[in-house]
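> fold the following, please.
(chains A and B)
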Number of protein chains: 2
Amino acid sequence: MRKMNPVAVSKATIIDRFWSPRQDLVRDVVVPYQWEALNDLIEGAEKSGTIANFRAAAEGRIGGHHGFVFQDSDLAKWLETVGFVLQQHRDEELEKLADAAIELIGSAQMDNGYIGTYYQLQKPGEQWENVRDDHEMYNAGHFMEAAVAYYEATGNRKILDIMCKFADHIVATFGARAGQLPGYCGHPEIELALVKLYKLTGNQSYLETSRFFVEERGREPKYFDVELQKRLDDGRKERVDRRPMDYFQSHAPIREQRTADGHAVRAVYLFAGATDIADEYNDDSLLEAVKSLWDNVVQRRMYVTGGIGSSDYFEAFSFDYDLPNDRAYAETCAAIGFLNWGQRLLQIEGDSRYADVIERVLYNGLLSGISLDGRSYFYVNPLEVWPVVSGRRDDIPSARTRRQPWFGCACCPPNIARFIASLSSYIYSVNENELYVHQYIGSRTEQTFKGGKITVHQQTEYPWSGNVVLEISGGSAEFSLALRLPSWSKRTVLRLNGVEIEASGITEKGYAKIQRIWSEGDIIEMELDMSVALVRSHPELRETSGKTAVQRGPVLYCLEEADNGANLRDLQLSSDAAFEGQFIPDLLEGIYVIESKDAWRTAYDAASTELYTTKRYNKKQAKAVFVPYYAWANREEGEMTVWIREREHGRE
Amino acid sequence: MRKMNPVAVSKATIIDRFWSPRQDLVRDVVVPYQWEALNDLIEGAEKSGTIANFRAAAEGRIGGHHGFVFQDSDLAKWLETVGFVLQQHRDEELEKLADAAIELIGSAQMDNGYIGTYYQLQKPGEQWENVRDDHEMYNAGHFMEAAVAYYEATGNRKILDIMCKFADHIVATFGARAGQLPGYCGHPEIELALVKLYKLTGNQSYLETSRFFVEERGREPKYFDVELQKRLDDGRKERVDRRPMDYFQSHAPIREQRTADGHAVRAVYLFAGATDIADEYNDDSLLEAVKSLWDNVVQRRMYVTGGIGSSDYFEAFSFDYDLPNDRAYAETCAAIGFLNWGQRLLQIEGDSRYADVIERVLYNGLLSGISLDGRSYFYVNPLEVWPVVSGRRDDIPSARTRRQPWFGCACCPPNIARFIASLSSYIYSVNENELYVHQYIGSRTEQTFKGGKITVHQQTEYPWSGNVVLEISGGSAEFSLALRLPSWSKRTVLRLNGVEIEASGITEKGYAKIQRIWSEGDIIEMELDMSVALVRSHPELRETSGKTAVQRGPVLYCLEEADNGANLRDLQLSSDAAFEGQFIPDLLEGIYVIESKDAWRTAYDAASTELYTTKRYNKKQAKAVFVPYYAWANREEGEMTVWIREREHGRE
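Residues are numbered from 1 along each chain as shown, chains lettered A, B, ... in the order given. Next up, the predicted model:
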């Protein structure tokens, strides 16, 4: 026995003012839109070719693949999204569509189980010869995840059988035994997918192959070099590739990695899979390794939005405390992988510090990736933008001031859709005598404990209100209800059936644990401190020296030009600023707006031509208006900044 | 008649504690080193091939050219430097060396006057077919400048005759007449060089061809497109070229340009030549055009160091108020071209605002380009450097933390050497009844006015001391002595023979003009206000919002890690800081060091792992030590910043 309280994700149904509309958007807008995109039915949009690729493969054609080597994964992500959507609400029409897609996938499958339209169409017979670049197992992993989600929603085994056959082929092909390839995919993903498939099917070989991928990666001789040499020996033409081994996280075995390096999405996908392996094999030293990588990210390489990957070049982590705001990459997909990873550590550790980070990502760096109408997306999520720079400085190449309708490389849009559809699995965890409430999202969950089955109704106007009510119904049962005490809440009040409870004595790892026989009608109320807070960064974080960010509850705010005029860098906020705020239902789909009159900006004559002066500019009082960061760029184009200069008074 | 007081550069002999050692360095170290470099005699250095190219061309060989298309210009810059050195002190040995080089250049010259080893060796017969890319006239211009400097120093006509023959060939080849090419060089330089050659020889055709180059540039159809089409029609292979027309300043005729755009060195070289043309042709509208370009640079596109060109990409100007400090380009050669340009405007306008900018560049953004020992050089002159970033972020590609010994593309090192050697021409200007003193540099100049010939001795410990003494000797003459009142000096005291003079009534365009019959023993003393000043930038200059820079006299200061520890961004300086300072002779070859105890930095536990917090970090008082910006990176590698966060007190 090892971990004190390993828990398992427990699903729920979301009924929430903040999130339900977003899930509805995914179901009603994004899923149909994506389906049309996959089928090349959207006029003016970049061609996807995804379904066409599968049709061609099913018909046994050669040539004509369209798109990236990972184009197949778009269909996988769509199907997984559909699975999550159906887990919330069954929908016959949608299932028909999905079943037809599954039929198509099945008919494209080769006799040996292989699915991969790029190789089937373009390079038949060369499968698995370039696992560094060609994403075959990445695509497979997404399909496996889709199979699990769809099966869990519908009980329909068809896609599960297809993917188990594919998994069996991979298990047979890769490994340390004679005749197997000792390789692993250039883009991690299959590691965590195989564990999911194992958990559903009980097929141990999936777990073992996943472990092989995790452990083999980065060992000498490097497999990517070995397979490259083989291709060169076979007379293949190879482009010069400048990507370093850490781009693929294959610079060292994961147990020897001390910092999160290379391509951020790949890194966190790998770390999530490795966390699964540590969990399944009770592997404490592997767990320590991934925990120390987590700490490296959270303590030194994470934006205040929860965004990760601060370098556009190679879409990568850079180095400790290097977090430029205007040149952030902070890819939406990296946020999703980060959430997946945190979710796994949370189940093992039952520690709110993981749930706190999940919450930070959820309400900020993830949600900024999608527009309020669900129709446009950010790949890159900067913390500061000046439109005047956009496209005019080569050293700020990727920041865009507007979300894009869909991308040629459509990794982020379908990924954020599937994440939002899967959100219900981030709210609760259970073990035999505890029910954890990690996230405060209106929802209903049914749980069975010794002695009975109960339903928990969570009601809240979170993240705008700090009041959360949990009501027990449907019977009675003895268990411990573990409520996360968010680290940002300076004072949290708990009431059981109207009577205040002192949390301090019952708090473990950031959760207030209330153990009792819970019965119909029991009500737990929670009041979180929603006062506006100023956030400061670690002094070694150069880019935010002397600046502060405004946060209320879990929501990080920003300044937009729409509310504050241009030249936001010129604004200062007093360190003892007073704030006012209110919820405005018709602004940005309903947000809590924050204002302060304790702001200052430079007064100057617009005709002034003096670039440098020894004079001191006067400052005049100004009003600063803050809106949630996730909601930025949903109005006219303009400047945005999360960090504002802090004006301090007196000398400490 | 137009300008009120057009003046002409007047040479002088420099005898100065600050500058003479730098000129000696150029003469004793740089010139011999460069000669060895040109001859490939330096072990471990990148091959130059310059002299070898000329030898091969002289011998009529084909092939084997080494280096860039502008490799020849390295020899030209060396020869011009030698000319300037000899103008200060004749030196028989050095003349012998130069005469041998001139002999070699002459023997490489083609019968038609052409000199250009790249085409002579690599593409004989294809001369002038790609003037956009191949720098033939750029090289020619540098040789013409060298010829003028060398002739003026020695009276030896040899190189002048060679270059007049080359100029005659160019004059015959380029122009608007039938049979001529209506082209101009991709890299401006010959424009100003032809004017120099005209001024010395009186050959009007040089001036007219220069005017043609200035006026034709940017007109439709664009010559670079025309010649490219011709090459393509001739079946030549051409690489795809992404450089926009403004890279070459050929996006529009110069009269229509409103902002300084494109490659910064090319821009200011062109603008200097255009200023000459405006002057020579009394062309007021062209003068207005270059003055408005000057204003654009000085009011919106110039670093506080005087550095210009804020984009590494295309080594270019970017756009108004875009002056990032860590990603500055601010090429040393651009500073030199900027000085050349300002020098020309100053002669036309007699306005101290040009001399003030020249001074800013001189003591800051130019001088930072060369190490104190004269042996290493910066191409790029950033205003903020963190070694931890160097080579680790693709979006800060060019900033180096150490000067380099010599560059493969050796444009800056020989250029800064020739500039320092030519410095004496920046101190004084004359017209028939005025002697302008633009720069305060210890020196001696002889002048003839109506009624007599006198010598002016200028003595000063500038830039460390604000005391300047000018003593008249050698006779008497009536003229107006015009002393620049630097704009940074808040109170300047003038004394004539010990009696204070009120400057306000006699000041025109920033010069205090003292008209009298000057006689042997007359002494003018000047006391400039050398108190330490805090500089602020225009509020629209985002990158320096809330920051201040320390300046004393003309010298801009910076913080270095060697004096202040790492993480310089964490330092704050009070807006009402008190300063102490002293001259330390054995620090950085003798500098005035500034300290303030009114600085603050964040106090934190080094073991702190919290990346973001709502707590306010305490600040503790700290000492900030400032050294001249030009002297940075002459000790151990470390951080540097010019701008420091300003800590304001009270609410205005």
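> which residues are contacting stretch A:374-382?
With contact meaning C-beta atoms under 8 Å, 6 or more residues apart in numbering or on different chains, stretch A:374-382 is reached by A:22, A:25-26, A:29-30, A:33, A:305, A:307, A:312, A:325-333, A:335, A:365, A:368-371, A:398-400, A:402-407, A:411-413, A:416, A:633. (C-beta placed from N, C-alpha, C; glycine too.)
> what of stretch A:9-27?
In this structure, residues lying in contact with stretch A:9-27 by C-beta under 8 Å, 6+ apart are A:81, A:85, A:87-89, A:91, A:343, A:347, A:373-374, A:417, A:420-421, A:423-430, A:435, A:441-445, A:447, A:460-464, A:589-590.
> how about the residues of the stretch 151-300 of chain A near chain B?
Residues of the stretch 151-300 of chain A that fall close to chain B, judged by C-beta under 8 Å from any C-beta of the partner chain: A:295, A:298-300.
> how near is A:Ala52 to B:Lys623?
When distances are taken as C-beta to C-beta, to the nearest Å, A:Ala52 and B:Lys623 turn out to be 69 Å apart.
> not counting its neighbours along the chain, what's nearest A:Glu478?
Setting aside the residues directly before and after it, A:Glu478 is nearest to A:Ile517 in space (C-beta to C-beta, 6 or more residues apart in numbering or on different chains), at 4.5 Å.
> surely the one you found is in a helix?
No: the secondary structure assignment for A:Ile517 gives strand rather than a helix, going by DSSP: H, G, I helix; E, B strand; the rest coil.
> go through the contacts of stretch A:9-27 and flag which are in strands.
Using DSSP state E, the subset of these located in strands is A:428-430, A:435, A:443-445, A:447, A:460.
> pick out the most distant pair among those.
In the ones in strands among the contacts of stretch A:9-27, the most distant members under the criterion C-beta to C-beta are A:Val430 and A:Thr460, with 19.9 Å between them.
> would you confirm that the residue nearest to A:Glu478 contacts A:Ile472?
No: applying C-beta atoms under 8 Å as the test, A:Ile517 and A:Ile472 come out as separate, 10.2 Å apart.
> give me phi/psi at A:Thr641?
The main-chain torsion angles of A:Thr641 are listed as degrees, to the nearest 10 and equal phi -150, psi 140.
> wait, I meant A:Gly67
The phi and psi values for A:Gly67, taken as degrees, to the nearest 10, are phi 100, psi -160.
> if I look at the closest residue to it other than its chain neighbours, how far off is A:Ala140?
Among residues not flanking A:Gly67 along the chain, A:Gly49 sits closest, at 4.8 Å (C-beta to C-beta, 6+ apart). According to C-beta to C-beta, A:Gly49 stands 19 Å off from A:Ala140.
> so A:Val551 sits in a strand?
Wrong residue type there; residue A:551 is Gln, not Val. Yes: inclusion of A:Gln551 in a strand is indicated when three-state DSSP is applied.
> how is chain A partitioned into domains?
Taking automatic domain parsing as the domain assignment, the record places the domains of chain A at A:292-425, A:428-527, A:532-647.
> how about the residues of the stretch 351-500 of chain A that lie near chain B?
A:386, A:388-389, A:392-397, A:488, A:490.
> each with direction, which strands does the helix or strand harbouring A:Leu483 pair with?
Taking DSSP states H and E as the definition, A:Leu483 sits inside strand A:476-484. Based on DSSP bridges, the strands next to strand A:476-484 in the sheet, each with its direction, are strand A:434-437 (parallel), strand A:511-519 (antiparallel).
> deepest of those, which one?
For these, average neighbour numbers computed from mean count of other C-beta atoms under 10 Å in any protein chain shown are highest in strand A:434-437, which has a mean of 24.
> what mean pLDDT does that one get?
The pLDDT scores in strand A:434-437 average 96.
> in chain A, which helix or strand is least confident?
Least confident helix or strand, chain A: strand A:8-10 with a mean of 86, by mean pLDDT, DSSP states H and E.
> flag every buried residue along that one.
Buried positions in strand A:8-10, judged by neighbour count with 16 or more other C-beta atoms under 10 Å in any protein chain shown: A:9-10.
> so how far is the next helix or strand after it off the chain centroid?
Downstream of strand A:8-10, the first helix or strand assigned by DSSP H and E is strand A:13-14. For strand A:13-14, the distance from its own C-alpha centre to the chain's C-alpha centre is 19 Å (C-alpha atoms, centre = their mean, to the nearest Å).
> repeat for stretch A:220-230
With C-alpha atoms, centre = their mean as the basis, stretch A:220-230 stands 32 Å off its chain's centre.
> which residues sit against that stretch?
A:129-132, A:181-184, A:186, A:216, A:238, A:245, A:248, A:250.
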